[in-house]
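[1] model the structure of this input:
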Amino acid sequence: MLTTEKISVLYLDDEEANLTAFKASFRREHSIRTASTAEEAYALLQQQEPHIIIADQRMPKVNGVEFFQKVSTDYPDPRRILLTAYTSSQTVIDAVNKGHIHKYLVKPWDKELMSKTLAAVYESYKSKIELKQKNEELYRINSELNRFVYSVTHDLRAPLLSLLGLLDLSQNENDGRQLKEYYSLMTGSIRKMDDYIQTMLQYYRNLKTNLILEQIGVYHLAVEVVEPLANYNEFVQFQVDIPENIHIFTDRVRLKIALNNLITNAVKYGSKEKNQPYSVNVTVTKSNNGIKIIVSDQGKGIPSEQLKKIFDIFISEQAGSTVESSGLGLYLVRQAVDKIHGQVTVRSKVDVGTEFEITIPDLTSSN
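    Residues are numbered from 1 along each chain as shown. Take a look at the predicted model:
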């Protein structure tokens, strides 16, 4: 199978003539590095891991099988090819069992056969790496789902139990002012449940929904997000600076997930003092082949030690804050932005405020 990527090869042989011939034969098609000793080859491995390692079997001090035995432990991903002029069955058995080789070629090697072998072994390398990446992704998703289930049972059940308790209390209460306070607390519990359910839906949509690219008016999308949040807290004031003529070709679901969670976070954490007016700023400008979105507040800010892990799953923006959080919001922002090939960064200073910046490329050419 032809490939546009250059195959990187490390070739170990104690005969300089063989190294020179190999490099001359394949340096135009592939990326070739050579070594005449096992120590030199291992040093090159430490600098850059190749796709394929080729080693001669008969060498002084360390033979090919012995070299591969060490390499297979420290660098398991590169494919390994053993070259030898001796075809004893014991050599082949040792090469397979100890060196975990993937191909065995007899010297002197034939250029056409070597070229086909390199291509075939490289395809094997790619398949292994793809499988490894898929397994790592499955492990990550499974780990997140386990934590997600625990979070659902805890964070969704807590406001539900609170609501049931408040209902019991209100049934035997005749004081109007006390009833009003109970109703206010009930409203808060219901809102927490609704927030969490909406976050779970966003998590599912981002994980399962395929990309659907379309032309999106960013101003109107932002209005969809801001309008319901304007009623979330009577003290929040939105400053929205988005020209109505700004459009972008991207996935609407992911862009809305990112906007919704960033603006919601700013509403939750953007106030320094309880029951005092505060502002949340949303700005969108055109950038090179895309748009730049900035969501900022003048709230309490985020301690520097939290910034490095703020986009991790189940990490709340404000550890120790009185505002309850699912810990999914900023994780969803990062995941959604990644899906549409964008980038998200955060700048924050304690007691000054926080600013999130998203850059989203126009995906017209990807359609």
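[2] CA atoms of stretch 340-360 as CSV?
    Extracted in CSV, the C-alpha atoms of stretch 340-360 (Å, rounded to 0.1, in the frame of the first residue of the first chain):
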residue,chain,number,x,y,z
ILE,A,340,-14.4,21.4,15.5
HIS,A,341,-10.6,21.8,15.4
GLY,A,342,-10.5,24.9,17.6
GLN,A,343,-8.5,25.9,20.6
VAL,A,344,-9.5,27.2,24.0
THR,A,345,-7.3,29.1,26.5
VAL,A,346,-7.9,30.7,29.8
ARG,A,347,-6.4,33.7,31.6
SER,A,348,-7.3,34.5,35.2
LYS,A,349,-6.2,36.5,38.2
VAL,A,350,-7.6,36.1,41.7
ASP,A,351,-9.9,39.0,42.7
VAL,A,352,-9.6,40.4,39.2
GLY,A,353,-11.5,38.1,36.9
THR,A,354,-11.3,35.4,34.3
GLU,A,355,-11.2,35.4,30.5
PHE,A,356,-11.7,32.4,28.2
GLU,A,357,-10.7,32.7,24.6
ILE,A,358,-11.8,30.3,21.8
THR,A,359,-10.6,30.3,18.3
ILE,A,360,-12.7,28.4,15.8
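[3] for it, the averaged confidence score.
    Here stretch 340-360 scores 93 as its mean pLDDT.
[4] list the buried ones in that stretch?
    For stretch 340-360, a neighbour-count test (16 or more other C-beta atoms under 10 Å) marks 340, 342, 344, 346, 348, 353-360 as buried. All C-beta spots, glycine's among them, are computed from the backbone N, C-alpha and C.
[5] now swap in stretch 122-132 and tell me
    Under 16+ other C-beta under 10 Å, the buried positions of stretch 122-132 are 122, 125-126.
[6] which one of those residues is nearest to Gln133?
    For the buried residues of stretch 122-132, the residue nearest Gln133 by C-beta to C-beta is Lys126; the value is 10.6 Å.
[7] Leu262 and Ile216: what is the separation?
    For Leu262, the distance to Ile216 equals 16 Å [C-beta to C-beta, to the nearest Å].
[8] what does Glu15 give?
    For Glu15 relative to Ile216 (C-beta to C-beta), the value is 63 Å.
[9] likewise Lys349?
    Applying C-beta to C-beta to Lys349 and Ile216 gives a distance of 32 Å.
[10] average pLDDT for stretch 251-267, rounded please.
    90.
[11] circling back: of Glu15 and Ile216, which one has the most company?
    Comparing Glu15 with Ile216 by other C-beta atoms under 10 Å, the one with more neighbours is Ile216, at 19 against 13.
[12] now that one, what's its secondary structure?
    strand (DSSP: H, G, I helix; E, B strand; the rest coil).
[13] the one 4 residues further on now?
    The assignment at His220 comes out as helix when based on three-state DSSP.
[14] quick one: contacts for it?
    Glu244 (C-beta atoms under 8 Å, 6 or more residues apart in numbering).
[15] begin at 9, not 1, for the rest of this chat.
    Sure, I'll start counting at 9 from here, so that last one is His228.
[16] strands of the stretch 209-358 of the chain, start to end?
    Here the stretch 209-358 of the chain has its strands, by DSSP state E, counting those that start in this stretch, at 221-225, 244-249, 255-259, 286-295, 298-305, 351-357.
[17] give me the number of residues near Leu91?
    Around Leu91 there are 23 residues (other C-beta under 10 Å).
[18] which secondary structure element contains it?
    strand 87-92 (DSSP states H and E).
[19] what residues does that strand touch?
    Contacts for strand 87-92 (C-beta under 8 Å, 6+ apart): 21, 59-66, 72-73, 76, 79-80, 99, 103, 107-115, 117, 125, 129-130, 132-133, 136.
[20] check the gap between Lys78 and Ile137 for me.
    21 Å.
[21] and the helices in this protein, which stretches?
    Counting by DSSP state H, the chain has helices at residues 24-34, 46-55, 72-82, 97-105, 119-159, 165-179, 184-216, 226-238, 260-277, 312-315, 337-347.
[22] need the contact partners of the first one.
    In other words, helix 24-34. With C-beta under 8 Å, 6+ apart, helix 24-34 has contacts from 17, 19, 21, 40, 42-44, 62, 64, 115, 119, 122-123, 126.
[23] pLDDT wise, what is the residue sitting furthest away from the middle of the chain at?
    Computed with C-alpha atoms, centre = their mean, the residue of the chain farthest from its C-alpha average is Asn182, at 54.2 Å. Here, the pLDDT recorded for Asn182 equals 86.
[24] now do the phi/psi pair for it.
    Backbone torsions for Asn182, taken as degrees, to the nearest 10, come to phi -110, psi -10.
[25] please apply the same query to His110.
    According to degrees, to the nearest 10, His110 has phi -110, psi -10.
[26] relative to Leu53, how far out is it?
    Relative to Leu53, and taking C-beta to C-beta, His110 is found at 16 Å.
[27] just Glu281 next, same as before
    Distance from Glu281 to Leu53, by C-beta to C-beta: 59 Å.
[28] when these two are compared, which one has more neighbours?
    Taking other C-beta under 10 Å, Glu281 and Leu53 do not tie; Leu53 has more neighbours (20 against 10).
[29] neighbours of the closest residue to that one other than its chain neighbours, just the number please.
    Spatial nearest neighbour of Leu53, chain neighbours left out: Tyr83 (5.8 Å); criterion: C-beta to C-beta, 6 or more residues apart in numbering. Residues lying near Tyr83 (other C-beta under 10 Å) number 16.
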